[in-house]
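In: Requesting a structural model of the entry that follows:
(chains A and B)
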Amino acid sequence: MKKFRVGNAVIAAAFFCLLSAASADETSEALFIEASETSRLNFAHFNGMSGELYLPEIMGAGVAFFDFDRDGDLDIYLLQGHMIGPGKTLSDAMMPPKKGTVLMDRLFRNDSSPRKSRLRFTDVTDKSGIRGGGYGMGVAAGDINNDGWTDLYISNFGHNQLWLNNGDGTFKDITDKAGVDDPRWSVSAAFADINQDGWLDLYVGNYVAYDMENPKPCRSATTARDYCGPQAFEPIPDRLFLNRGNGSFADISQTSGITEVFGGALGVIAADFDGDHWPDIYVANDGMANQLWINQKDGTFEDTAPLAGVSVNRYGMPEASMGVDAADFDGDGDEDLFMTHLVRETNTLYVNDGTGWFDDKTAEVGLGVASVPYSSFGTAWLDIDNDGWLDLLSVNGAVTLFESHEPTDNIFPLDRRNQLFANDHGKAFIEISDLAGDAFKLSEVSRGAAIGDIDNDGDIDIVISNNNGPARLLVNQVGNKNAWLGVGVLDAAGKYHVISSKVALIRENEEPLWRRVHTDGSYGSASDPRILFGLGGSRGPQTVEVTWPGGERERWSGLVTNRYHKLRRGSGIRISE
Amino acid sequence: MNGPIQSRDLLLIRIVPVLVLACWPVFLPAQAETVSQLLPVPEPDLQQLQPATQAKLRHAQDYFHDQKSSLDEKSLGRAYGKLGMVYQALQLQAAAKAAYSNAIMLDPDAAQWPFYLAIYNEEVGDLAESARLYSDSLKIAPQMAGTWLRLAEVLLEVGDLVNAENAYRRTLSLERGQVAAIAGLGTIALRRDQYRNAINAFEAALRIQPEATQLHYRLAMAYRNLGDRGKATLHLGKSGKRIPSSFHPWIELMKAREKGAAYYVRVGRNAAASGDYRRAMAVYGLALEIDPENLAALYNLAATSLLMGHRQRASAYLDQALALAPDDRRFLDLAERIRQAPDIEEDPTL
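Out: Got it, this is the predicted structure:
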C-alpha cells in the first residue's frame, strides 16, 4: 500500500505539472473542457419517462465518433429516445423535451476548420437521410462493404437498423436486405472479421425480454416503487451475423455456439484474448455470468470464461456488468479487460496472463473502492496525458431511485459524477476526477462514452451521452503537451481501417507499446479507429510494427512525431517470423 | 429550564438572564449542549411505501417522539439508535445515518451505534469510514467476533491485507472455526499468490461448511493458478452462490425491525403451541425489543411465564401491560390466574 501511495503522489504531481503547462495560456485550467455548447453540439436526450418506471427509459443511449464523410475529422452520432409505453404521448412526459426537438437520432458533421482552433458541428441528419426513429440504445461503426465509407448499426429497444454510407453524405437503410434486424432489445454491438475473410462481421448483444404491454411492477428494498433490475426478466440470446461480402449477412448465432449460454448483454468487445491472431468476443452481462467466446477458427466459438476467470468476480459471484473495454494497460502485450458495474459492486479489472487466462486485480491496483458508490456504464482506456500509459474513464449514473439515499425533490435522481483514473505505470490507478475540470464536476445520468481525437491535435477527447440530458464533448487540454504519434491502419488500397490489427510502437530500452484497431467497447458506443500513441518526452522519429489479423507483420520506421500517418497494408517492411 | 426563573422576583428575572448569558458555556447543561449538535433526522416520504412498511415506520417514529422529551441523554441516544435500526432495516439510509450519528453523540459508550453506522457506510461505498467505525465499535466491545469479521472484510476490500489478516485472526481467536474468517484468510493468500495456502484454507472452510458452495470458485482459481486444470474444472463445476455463513447478533436484531413485532409474536405463538416455551419467550422478547409497548408481546410473555411456572416474572410483564391498557379484559383475567397460581422457583437462565 505504501508503495502505491508514493506512486499516487507521483502520478498526481505529474498531472499537476501538465495542468500548470496547460494553464499557461489562461484559456484552460483543467484536463478537459466541456465544449458541446460552444461547438454547437446541441443535443439533449429524451427518455420519454411518464412515471411508470419502465426499465428501457433509463438504459439508453450510446454515442459514436466516426468520420462519415472522410474529410479527416470525426463526426458524431447520437441516439435518441421518445415517449415509451402504450398510449403515452408527449403530454404524459414528466420531463418534456424542448419545444421543436425532433425525437430522432442525430448526425453532427464536424465542420471545424483546421486553421481555426474552434470546434464547430452542424446537424446534418436530415440531409444524411438517416431516420433513426427507434428507441435508441447503442451504435456500432464499421465499413461493411470495404468501400472506405463507415456504416452504422443502430441497436434499439425494438427493431435495429443498418445504415449503409453511400459516400455522398447520405445513408441508406439496408437492414432487411442485409438480414441483420433483431426486433428485441439490443444494446451494444461489435464489428469484427471473425472468419478473417476480409469482411466485417457483426455481433449483437441482446438484453432482456421486456414486455411493454405488461411491464412488471417492482419495488426497492424500502418497498417504494422503483425501476426493475434485469433479474425480473428473462435474458435473451445474442446474435452473430457473418458478412457474405455482398451486402447481406448470414445469421450464424446457432451454428456458432453463441446461443448456448447467455445473460442480459450490455457490453460487447472483440479482441484477440488468447494471442492466436483470431478475434474473440467478450460479452458483459447484467447480473449474470459473462462469456468469453474464444474463436475456434471454424465459424464456432467456445465459452472459456469460467476457467479463464472472467465469468464472475473474484469471489465467484456474477456482477451487473454494463460497459467493457479491452486494452494492454500494463504494457505486457496482451488484452486486459475492464468492466463497469452496479453501485455496491466494484468495477472489475481482469489482467490477462497472455494465454487468455485472467486474474481479478481490481483491488490490487486501487480500482475497487472508488467505484463502489457508483453505478457505471460507459468506459474507455485512454492515454489522457500521452505518457504512454492508458488511463481509465468511467461514466456513471444510477439505475434505481433507491440509490439516491438522500430524500430529494428531484423526480429523476439518477445523476452522478463521472470518474477518471490515472495509470501509474501499469501497477496502480489513482482517481484524478477532481483535477479533470468542471466537466467532471457535473452530475448527470451518463450512459455512453466514446473516445477519439475530435480536433486532430494529438490528444484524446471524449463524448458522453447522458440519459435525459445533454451530450457532453470533453476536449483534452493537456495531452499534446507531450509528444505523440497517430496512425491509421488501413487496407492495401488505403480505404478502410483494418479492425483487430495490433500495432506496436517500438521503443529503445523499453517494452513496445501495444494498441489495437477497434471501434467497439464502452456501452452502446463507437470510438475513433485511429491509434494515438503517447510518447512522453520522446520526440524523435518512431518505428511501429503492425500485426495484421492472421498474424502477418509489417514495420514502418522514421515516422515523424506529432502528426498522423496512414499505414497501408503492404507499404511497410514485411517481417518474417 | 424556564420554570424556576419565571418564579423569581423581578430583580432576579433581570439579573439571572444576564448572568446566564455571560456565563453561558459554563452553565449550559451537558445535555442541552449535545442536543443542540444533533442532526435532524430526515422523515422519509411514507406515501411512497407499502402500507405495512408505513405502519412499522409510523409506529417507530411515534414511539420515539413520545419518549424523546422525557429521556436523559443516554436514553435518548439509545432511542435514536433504535429508531436508526428501524430505518436501516427498511433501507432508509439517510434517516438511519442521522439517527445513528445522534446515538453515537448521546450514548458514546455503546458499541452498537458505530457498528450500525459502519454498515451504513459500507452500503453507500465509503469503506474507509466504515473501517474506522468498526474499529471504534471494537474499542468498546472487543469481544464481538462478528465485528472483527466485518472489519476484516472491509479491509480486504480496500486492499489492506495486513490489517485484514489480523482482523480475521482476531475473529478466529474469538470464534474458533468461523468459516467466513477461514475463507477470508484463503482469499488473502490467493491475493498474495500463495496458492497452496489458499487451497488449504478454502478446503478447511468447506470441510466445516460444505454448503458454502461459493468457495469452490476461489478454490478453482487457486488450483488453476497452480497449474492443476483438472481440479480447477472440478471445483468450477461445484461452485455456487452460497456464501460462508456468519452470524452477528446486532445484525439479526436490526434486521428483525424489518419483520416487525407482530411477526415475532406470531413466531412465538407457534413455538408456544408446539410446547417450546423457552424459544417462545426469546422470540416474544425480540418482539418487545422491537416495540416496547407491544401489548400482544407483553401478554404472551406473561402468559408463557405463567405456563412455565414463573409467577413473579408473569406478574412483572402483566404489570407493564396493565400500565398501558388498564381496562383490557384479557389482562385482568390473566392477573386473576396469576394470583391463583402456585409459586415455583425462578429459572435463572431465562
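In: Please, which helix or strand holds residue A:163?
Out: For residue A:163, the host element (DSSP states H and E) is strand A:158-165.
In: mean confidence score for whichever helix or strand comes after that strand?
Out: Beyond strand A:158-165 in the direction of the C-terminus, DSSP H and E gives the next helix or strand as strand A:171-173. If you average the pLDDT over strand A:171-173, you get 97.
In: Next: stretch B:164-175.
Out: Model confidence over stretch B:164-175, given as mean pLDDT, is 97.
In: tell me the helices in the stretch 51-200 of chain B, going along the chain?
Out: The residue ranges that make up the helices of the stretch 51-200 of chain B, judged by DSSP state H, counting those that start in this stretch, are B:51-68, B:73-89, B:93-106, B:112-124, B:127-140, B:145-158, B:161-174, B:179-191, B:195-208.
In: Next, the contact list for residue 57, please.
Out: The chain I'm using is chain A. A:47, A:48, A:49, A:81, A:84, A:467 (C-beta atoms under 8 Å, 6 or more residues apart in numbering or on different chains). No exception for glycine: its C-beta is placed from N, CA and C like everyone else's.
In: wrong one, chain B
Out: With C-beta under 8 Å, 6+ apart as the criterion, the residues that contact residue B:57 are B:44, B:46, B:49, B:86, B:87, B:90, B:92.
In: Name the residue of chain A that lies nearest to chain B.
Out: Nearest residue of chain A to chain B (C-beta to the nearest C-beta) works out as residue A:316 at 2.7 Å.
In: Reduced to three states, what does the nearest residue to that residue once chain neighbours are set aside come out as?
Out: Residue nearest to residue A:316 in three dimensions, not counting chain neighbours: residue B:217, with 2.7 Å by C-beta to C-beta, 6 or more residues apart in numbering or on different chains. For residue B:217, the secondary structure call by DSSP: H, G, I helix; E, B strand; the rest coil comes out as helix.
In: what about chain A, any weak spots by pLDDT?
Out: Applying pLDDT under 70 to the predicted model, the residue ranges of chain A that meet it are A:1-29, A:114-116, A:404-407, A:577.
In: circling back to that earlier point, so the residue nearest to residue A:316 sits against residue B:234, correct?
Out: No. Under the criterion of C-beta atoms under 8 Å, residue B:217 is not in contact with residue B:234, lying 12.0 Å apart.
In: what does chain A put close to chain B?
Out: Selection of chain A residues close to chain B by C-beta under 8 Å from any C-beta of the partner chain yields A:1, A:219-225, A:306-307, A:309, A:312, A:314-317, A:343-344, A:346, A:357, A:359, A:363-364, A:366, A:368-369, A:372-374, A:402, A:405-407.
In: The same query, at a cut-off of 7 Å, please.
Out: Proximity of chain A to chain B (C-beta under 7 Å from any C-beta of the partner chain) is limited to residues A:1, A:221-225, A:306-307, A:309, A:312, A:315-317, A:343-344, A:363-364, A:366, A:368-369, A:372-373, A:405-407.
In: mind checking how far the helix or strand containing residue A:190 is from the chain centre?
Out: Here residue A:190, judged by DSSP H and E, is contained in strand A:186-192. For strand A:186-192, the gap between its own C-alpha mean and the chain's C-alpha mean amounts to 10 Å (C-alpha atoms, centre = their mean, to the nearest Å).
In: Give me the contacts around whatever helix or strand comes next after it.
Out: Next helix or strand after strand A:186-192 toward the C-terminus (DSSP H and E): strand A:201-206. Under the criterion C-beta atoms under 7 Å, 6 or more residues apart in numbering or on different chains, residues A:153, A:155, A:160, A:180, A:182, A:184-195, A:236-243, A:249, A:265-266, A:268, A:270, A:281, A:283 lie in contact with strand A:201-206.
In: How about residues contacting the helix or strand just after strand A:201-206?
Out: Stepping forward along the backbone from strand A:201-206, the first helix or strand reached (DSSP H and E) is strand A:218-219. Contact partners of strand A:218-219, identified using C-beta under 7 Å, 6+ apart, comprise A:225, A:226, A:227, A:228, A:232.
In: Quick check: the two most widely separated of these?
Out: In terms of C-beta to C-beta, those reach their longest pairwise distance at A:225 and A:232, which sit 13.1 Å apart.
In: Contact residues of chain B facing chain A?
Out: Residues of chain B found near chain A, taking C-beta under 7 Å from any C-beta as the criterion, are B:42, B:44-45, B:48-50, B:53, B:90-94, B:123-125, B:127, B:157-160, B:191, B:214, B:217-218, B:221, B:224, B:232-233, B:236, B:239, B:241.
In: Pull out the buried members of those.
Out: Neighbour-count burial (16 or more other C-beta atoms under 10 Å in any protein chain shown) applied to the residues of chain B next to chain A gives B:42, B:44, B:48-49, B:53, B:90-94, B:123-125, B:127, B:157-160, B:191, B:214, B:217-218, B:221, B:224, B:232, B:236, B:239.
In: sorry, back to before: most neighbours among the contacts of strand A:218-219, which one?
Out: Neighbour tally across these (other C-beta atoms under 10 Å in any protein chain shown): the maximum, 21 neighbours, falls on residue A:227.
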